[in-house]
Structures are given as structure tokens and as C-alpha cells.
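[1] structure for this input, please:
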Amino acid sequence: MASRYLAGPALEAYLQFASTTLSEHCYRFTPTKWRFADLTM
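    Numbering: from 1, shown residues only. Now for the predicted structure:
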């Protein structure tokens, strides 16, 4: 995804930074409100 916004040396520098500094995260979201849900059946 970073290649959409960065190119050349900036992309390589960011990938180096991300591999050493950032860790992998997994986020899961549970909706608290069901917008536009038709529950009248």
C-alpha cells in the first residue's frame, strides 16, 4: 500500500523503517449500531 504514495528512495526508506520499527497488528471491530438494517422481517 505504501507504493501508492511513495516512490523510489522514499519507498525503500519507509520499508526499512517499517520492518525494523513497526510490528504487525490485527484489529477487529464489532459494530455497536447496525445502520440501515431492515430487521422488520
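
[2] for the longest helix belonging to the chain, what is the average pLDDT?
    Of all segments of type helix in the chain, defined using DSSP state H, the longest is helix 9-21. Here helix 9-21 scores 87 as its mean pLDDT.

[3] got the buried residues for it?
    Buried residues in helix 9-21, defined by neighbour count with 16 or more other CB atoms under 10 Å: none. For the C-beta atoms, the positions are set from N, CA and C on the backbone; glycine is no exception.

[4] would you mind writing the CA trace of that helix as PDB?
    The C-alpha coordinates for helix 9-21 follow below in PDB (Å, rounded to 0.1, in the frame of the first residue of the first chain):
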ATOM      1  CA  PRO A   9      14.300   6.000  -2.300                       C
ATOM      2  CA  ALA A  10      11.400   7.200  -0.100                       C
ATOM      3  CA  LEU A  11       9.600   3.900  -0.500                       C
ATOM      4  CA  GLU A  12      12.800   1.900   0.300                       C
ATOM      5  CA  ALA A  13      13.500   4.100   3.300                       C
ATOM      6  CA  TYR A  14       9.900   3.600   4.600                       C
ATOM      7  CA  LEU A  15      10.000  -0.200   4.100                       C
ATOM      8  CA  GLN A  16      13.300  -0.300   6.000                       C
ATOM      9  CA  PHE A  17      11.800   1.800   8.800                       C
ATOM     10  CA  ALA A  18       8.600  -0.200   8.900                       C
ATOM     11  CA  SER A  19      10.400  -3.600   9.100                       C
ATOM     12  CA  THR A  20      12.600  -2.600  12.000                       C
ATOM     13  CA  THR A  21      10.200  -0.300  14.000                       C
END
